[in-house]
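In: With the sequence up front, the predicted model follows.
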There are 2 protein chains.
Amino acid sequence: MNAATNTPQLEDLHHGGVHDGVHDDATTLERTLKLVGDRWSILIIRAALRGIRRFDDFADDLGIARPILTKRLQRLVAGGVMAKERYQERPPRYDYRLTPAGVALSPALVALIKWGEHHLADGSAEIVLVHAPCGTELEQGFWCTHCATTFGPTAIRALPPVATPTARDRTKS
Amino acid sequence: MNAATNTPQLEDLHHGGVHDGVHDDATTLERTLKLVGDRWSILIIRAALRGIRRFDDFADDLGIARPILTKRLQRLVAGGVMAKERYQERPPRYDYRLTPAGVALSPALVALIKWGEHHLADGSAEIVLVHAPCGTELEQGFWCTHCATTFGPTAIRALPPVATPTARDRTKS
DNA sequence: ATAGCGAGTACCAAAATAGAACCCAGTCGT
DNA sequence: ACGACTGGGTTCTATTTTGGTACTCGCTAT
């Protein structure tokens, strides 16, 4: 097997690999990306985190075509990320707000923002994310409660919850 | 962690606050999403982290149509996430591997994986990410080096880098 | 010479996206 | 009472992006 390559050790990020041809390879990541892995969903979530709730405000703020916005919002609602709520009865009006699951996407958002600011910034960073109470720039990373230490991506390994299926092995020669 | 989920304080995630209507909103996040914000790029990066390097192997592993793969790889290369390298001279052969910037996307990947496992898992988690040295499930989050504490998304605030209102942003009010 | 490999392209059909206009229920100003 | 307005969409068409299969091209090993 091709274990222990010189690459990062995240090498088994989706546990199995060898599939009998079935596409149950629709791993959680793939389904996650189906839900939020397009050019708009993340921006919608960011807008929602900024307090935007109403259809027209999303449309204005994002510059997204309205039919697409409709579909995205529906998908996010179906996926449990946002909830549609009637905020006013008389003329029935609805808005969209993040569910706790939606707010839980913040780490991903932050990771993308920080990555962009670091690796894609034209000139200097546009924004800096800080710890609100003290104003210090926040760090994001991994830590191990057992070792009480932080670490980088190369110290990550992915395990299936129970067993250890072998890594996909495309031994050619 | 995240108390008060219905009033996230990330409300200023891209510093504008009150929106000025201008579309210089091509913020870094938007550019980041243009680069990796589709259904394949993240999966390509995951595959690369698993050690996949060659065109055909990406194609096989992901089940992506080859023309799309070509475009995605080109885009990732152009964006500095991956590098195309000749790994053999005689019949000139190239492969693609992550740059450090590409590896730096791991936090985003991990955030998405963990979110999916937590909020989208059909049944139970498919994989668990662990701290390789000790095997303990990793935590991901934010910390403040000043306060020496960890915190959740509600304690995040976004600031413009120097608090200088970058003239173009002030043009409206 | 021919079969095969690796890394793509060419070509076409199907789907998603963008943009603008339109719809509908309710409400407000006059 | 009547038209304009508001909020939250839908319909329509044009364009772009995807997906799928087949093919090419340079090279090598048989």
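Out: Received the coordinates, thanks. Treat the numbers as computed from the prediction; the structure is a model and nothing was measured.

In: who's residue A:82 bridged to?
Out: With DSSP bridges as the criterion, residue A:82 is bridged to residue A:98.

In: ok, how many other residues are close to it?
Out: As a burial measure, residue A:82 scores 25 neighbours (other C-beta atoms under 10 Å in any protein chain shown). Placement of C-beta: from N, CA and C, glycine included.

In: what's near enough to touch it?
Out: Shown in contact with residue A:82 (C-beta atoms under 8 Å, 6 or more residues apart in numbering or on different chains): A:44, A:45, A:48, A:73, A:76, A:96, A:97, A:98, A:99, A:102.

In: just residue A:152 next, same as before
Out: A:141, A:142, B:106.

In: Now the phi/psi pair for the closest residue to the second one other than its chain neighbours, please.
Out: Right, the one you point to is residue A:142. Nearest non-adjacent residue to residue A:142, counting by C-beta to C-beta, 6 or more residues apart in numbering or on different chains: residue B:138, 4.8 Å away. When quoted as degrees, to the nearest 10, the phi and psi of residue B:138 stand at phi -80, psi 150.

In: The residue positioned nearest the centre of chain A: what's it in contact with?
Out: The residue lying closest to the centre of chain A (C-alpha atoms, centre = their mean) is residue A:108, at 4.1 Å. When contacts are counted by C-beta under 8 Å, 6+ apart, residue A:108 touches A:42, B:108, B:111, B:112, B:115.

In: residues in chain A within reach of DNA strand D, list them.
Out: Residues of chain A lying close to DNA strand D (C-beta under 7 Å from any atom of the strand) are A:54-57, A:66-67, A:70, A:73, A:84, A:87, A:91, A:93-96.

In: try it again with 10 Å
Out: A:34, A:38-39, A:53-60, A:65-71, A:73-74, A:77, A:84-88, A:91-96 (C-beta under 10 Å from any atom of the strand).

In: and DNA strand C, which of these reach it?
Out: A:38-39, A:59, A:65-71, A:88, A:91-93.

In: Inside strands: which ones of those?
Out: In strands, defined here by DSSP state E, the members of these are A:88, A:93.

In: Where do the strands of chain A begin and end?
Out: Under DSSP E, chain A gives strands at A:82-88, A:93-98, A:128-131, A:139-144, A:149-151, A:156-159.

In: so can I have a markdown table of these showing mean pLDDT?
Out: Shown next, in a markdown table, are these (pLDDT from 0 to 100):
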| stretch | mean pLDDT |
| --- | --- |
| strand A:82-88 | 95 |
| strand A:93-98 | 96 |
| strand A:128-131 | 92 |
| strand A:139-144 | 92 |
| strand A:149-151 | 89 |
| strand A:156-159 | 90 |
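
In: Nearest to residue B:122 among these would be which one?
Out: strand A:156-159 (18.1 Å; C-beta to C-beta).

In: ok now that closest one, how far from the chain's centre?
Out: In terms of C-alpha atoms, centre = their mean, to the nearest Å, the centre of strand A:156-159 is found 18 Å from the chain centre.

In: Stretch A:131-139 too?
Out: That offset, for stretch A:131-139, works out to 22 Å (C-alpha atoms, centre = their mean).

In: Need the residues that contact that stretch.
Out: A:110, A:128-130, B:9, B:142-147, B:151, B:155-157, B:159.

In: Return the residues of chain A in contact with DNA strand C.
Out: When proximity is defined as C-beta under 10 Å from any atom of the strand, chain A approaches DNA strand C at A:37-41, A:59, A:62-72, A:75, A:88-93, A:170, A:172-173.

In: Could you give me the PyMOL selection string for whichever of those residues are buried?
Out: Selection command for PyMOL covering only the buried members of those, criterion 16 or more other C-beta atoms under 10 Å in any protein chain shown:
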select buried, chain A and resi 37+38+40+41+59+62+64+69+72+75
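
In: in chain A, which spans are helices?
Out: For chain A, the helices defined by DSSP state H cover A:28-36, A:41-49, A:55-62, A:66-78, A:100-103, A:106-119.

In: Now those in JSON lines, please, with extra columns for mean pLDDT.
Out: As requested, the helices of chain A are exported to JSON lines (pLDDT from 0 to 100):
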{"stretch": "helix A:28-36", "mean pLDDT": "94"}
{"stretch": "helix A:41-49", "mean pLDDT": "96"}
{"stretch": "helix A:55-62", "mean pLDDT": "96"}
{"stretch": "helix A:66-78", "mean pLDDT": "97"}
{"stretch": "helix A:100-103", "mean pLDDT": "96"}
{"stretch": "helix A:106-119", "mean pLDDT": "95"}
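
In: do you know which of these lies nearest residue B:30?
Out: Nearest of the helices of chain A (C-beta to C-beta): helix A:41-49, 6.7 Å.
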